[in-house]
Structures are given as structure tokens and as C-alpha cells.
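**Q** have a look at this fold, sequence not included:
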């Protein structure tokens, strides 16, 4: 895809500040020699916090995972620099403990999930309540936060975004291998994560009050320990004035992560505009959305998906859906100079496939040797 040339640039006075954007990325730790998942996260996170600052690195439920948390950014250049800073600093901390920091949705080799669970009260309670369901939870996502100050607008905008979740998953699948096996999926992470009772596409939300009622019922049922554990693909953040999109696997490199985050920001911006204009969102059935997300996880960018951003949900090629998404978001991207970043990335995905295709190519080039996949993905420390 080639970005549509922008029109006459607006004067600085005519361009409002871009919405804020932030990124959380989860990584698997792999032993340098075996390349299998290794449980050294508490030590690695401690070292990474010294390098990057305590707010920017955290543990996850599995001791084979590290999560980075970006600063709040507004420009593409600032976001790209922040992602590089966090990845390289976390990789350097991992190297101190003879580990590789690997951006893949599931561990290519070895089993990363609990036990042992990271020693935090929340995670111990998590493991007690859900039992063996927690055992494979060493999966790694990319979460994008986009600033939307008004809670009502944030909730209603989700209705306009939810129909795009299958396509976003298709273009970001980066977890074909798990524990030494080719799963046959583009995003095995999303299948593992989808086992949770509060994961997957959100329902159609009529208002902020409706959202609170639904979440309250889920917590009361025991399906979630608290509102933060309602793990929908897109949701209003439980603790920030943002819309949080959680559907993607962690992406293979900083350029892809930056472009994806900018795409999400533009999509949320379009959704907020639609809410303010009184534009109704398609009331796509929850079961169809879930089925479309499974199809995206299975096949990635190959084949067709239901066009769940429309009322008729007709089967449509992924390539055509990308073109329709581009048409929708390009004005927002161009407004802030983000069109080239996103256009180049989407063009590459259309030519080469998502991260899952890249992983399989590397494996094929090395006679099926999956250690080579880990080496190809591992972040260079600086």
C-alpha cells in the first residue's frame, strides 16, 4: 500500500496537538544457550528498572515474562525512540542474567507459563481462582493506549472500533510456534488468551453506565477478580483516561510497533469523531466477532474475513479490508504526519505477511531449526 499523497499542509495554528499514545509490550525471556523460555524475570526486571526507571518495566504473571511501559507520547518520532529505548534497555538487563529478550507472542521453545507464579498477592490469587487455566499464561501482547478524556466518548467509541479487531489481529499475528511446535496458527497467543471467561471482543456498549453494569456483573460472577481483569480486545482503561486496544501480539521490531500504535491512534480518533457526529456503529453480533477473531488468529492475512466493521459483515479478502481501513484512517494519519509510517508498514505486511510469516520463513531457511527463529527475533542490547 502506498499512502495517499497529503494535500496542502495545514499551518501550525490549524493543527491541534495529536492525542496521546502509549504502548505496553510483553516479552519472553529465553536462555542464551538453549533459547528456551527461562524463569528469571524478577532479577531481569530489577536490573531493567535501574536502567529505564521503575515505572517503565514490570513483571507479569509468568516468571519468564518482562513487560515494558512507555512514557506518554504525542509524536511518531517520540514514540519510536521510546520503544527503542525500552527494548534495548530491557535486553541489556536480560543479558546480565544470560537471557535473550524475545518479542514473540508465545515462547518458540520451552513452556513459559506458571508455575512458578511471580510472587505477588494478585498473581497468587489469580492462580488459586483459575487453577490450571493459568498454566500456559506466558503469552505476550502489545497494548496501545490512546488518550480520550471523556469517559462517555471513550466507551461509545469502542462500538466503532470493535469491528476492526479481527483485521488488526490478522496483520499483527506473531506467534506461530509454541514449545517447539508449529501450531498452524498465525496467533497462537490469542487462542491461549481467549480461554479466559473475560477475554475476546467486547459487547456493544450503550453508555458508560452500561459498561459499568456489565463489568460489575462480571466481577460479581467470579469471572473477573476486579474491573482491570476484564481483558477485552478493546476497552476503556480501568485506571487511565484512555481507550486501550489489546488485540495484537507483541510485534517483531520497533518500527512495526510504532506504526501499529499510530494506526490504532488514528482508528480511535475516527471513532471519537463518529460518536460526536452521532454516527451509529454496526451492532455486530458478539459470536460473529469472536468467530472472525478466531479466523484471523488461524490464517493471519491469508483468505477472507467477515467485514465486521459493516452492517452486512460480508466475507472480504484481508487485502481489501486493509484498503478499507486505510481509507478510513488516512485523513487522521495525514493530519499528524503519520501516514508514511503506517503506510510503509501495511505495505510490507501485504507483501510479506505478518510476524508469523517471518518466523516461518526463518525456520524454513534453517531447516526447521527453531533456535534460529529465537536468534532472529532477539532484541539487541545497547
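**A** Okay, I see it. For clarity, every value in this text was computed on a predicted model and none was experimentally measured.

**Q** quick one: the strands in the stretch 151-300 of the chain?
**A** 177-178, 181-182, 199-200, 231-232, 234-236, 242-249 (DSSP state E, counting those that start in this stretch).

**Q** just so I know, which of these lies nearest residue 224?
**A** Closest to residue 224 of those is strand 231-232 (CB to CB; 8.2 Å). All C-beta atoms are positioned from the backbone trio N, CA, C, and that covers glycine.

**Q** how far off centre is the closest one?
**A** Computed by CA atoms, centre = their mean, to the nearest Å, the separation of strand 231-232 from the middle of its chain amounts to 12 Å.

**Q** each with direction, which strands does it pair with?
**A** Partners of strand 231-232 in the sheet, by DSSP bridges, are strand 199-200 (parallel).

**Q** tell me where the stretch 1-150 of the chain has helices.
**A** Per DSSP state H, counting those that start in this stretch, the stretch 1-150 of the chain carries helices over the ranges 41-52, 76-96, 121-130.

**Q** could you dump these to JSON lines with distance to residue 372, mean neighbour count and mean pLDDT?
**A** Output for those, formatted as JSON lines (distance: least, CB to CB, whole Å; neighbours: other CB atoms under 10 Å; pLDDT from 0 to 100):
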{"stretch": "helix 41-52", "distance to residue 372": "23", "mean neighbour count": "19", "mean pLDDT": "98"}
{"stretch": "helix 76-96", "distance to residue 372": "18", "mean neighbour count": "21", "mean pLDDT": "98"}
{"stretch": "helix 121-130", "distance to residue 372": "33", "mean neighbour count": "15", "mean pLDDT": "85"}
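
**Q** closest to residue 381 out of these?
**A** helix 76-96 (3.7 Å).

**Q** okay, angle between the closest one and helix 41-52 too, please.
**A** 130 degrees (axes from the mean of the first three to the mean of the last three CA atoms, to 10 degrees).

**Q** who's in contact with the helix or strand of the chain with the lowest mean pLDDT?
**A** In the chain, the helix or strand scored least confidently by mean pLDDT, DSSP states H and E is helix 121-130, which has a mean of 85. When contacts are defined by CB atoms under 8 Å, 6 or more residues apart in numbering, helix 121-130 is touched by residues 61, 114, 115, 117, 134, 196, 222, 225.

**Q** make a markdown table from the strands of the stretch 151-300 of the chain and add mean pLDDT, distance to residue 24 and mean neighbour count to it.
**A** A markdown table is the format used below for the strands of the stretch 151-300 of the chain (pLDDT from 0 to 100; distance: least, CB to CB, whole Å; neighbours: other CB atoms under 10 Å):
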| stretch | mean pLDDT | distance to residue 24 | mean neighbour count |
| --- | --- | --- | --- |
| strand 177-178 | 98 | 22 | 24 |
| strand 181-182 | 98 | 28 | 14 |
| strand 199-200 | 96 | 16 | 19 |
| strand 231-232 | 96 | 13 | 18 |
| strand 234-236 | 98 | 13 | 25 |
| strand 242-249 | 98 | 9 | 26 |
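
**Q** could you dump the ones you listed to CSV with distance to residue 279?
**A** Shown next, in CSV, are these (distance: least, CB to CB, whole Å):
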stretch, distance to residue 279
strand 177-178, 41
strand 181-182, 43
strand 199-200, 25
strand 231-232, 22
strand 234-236, 18
strand 242-249, 17
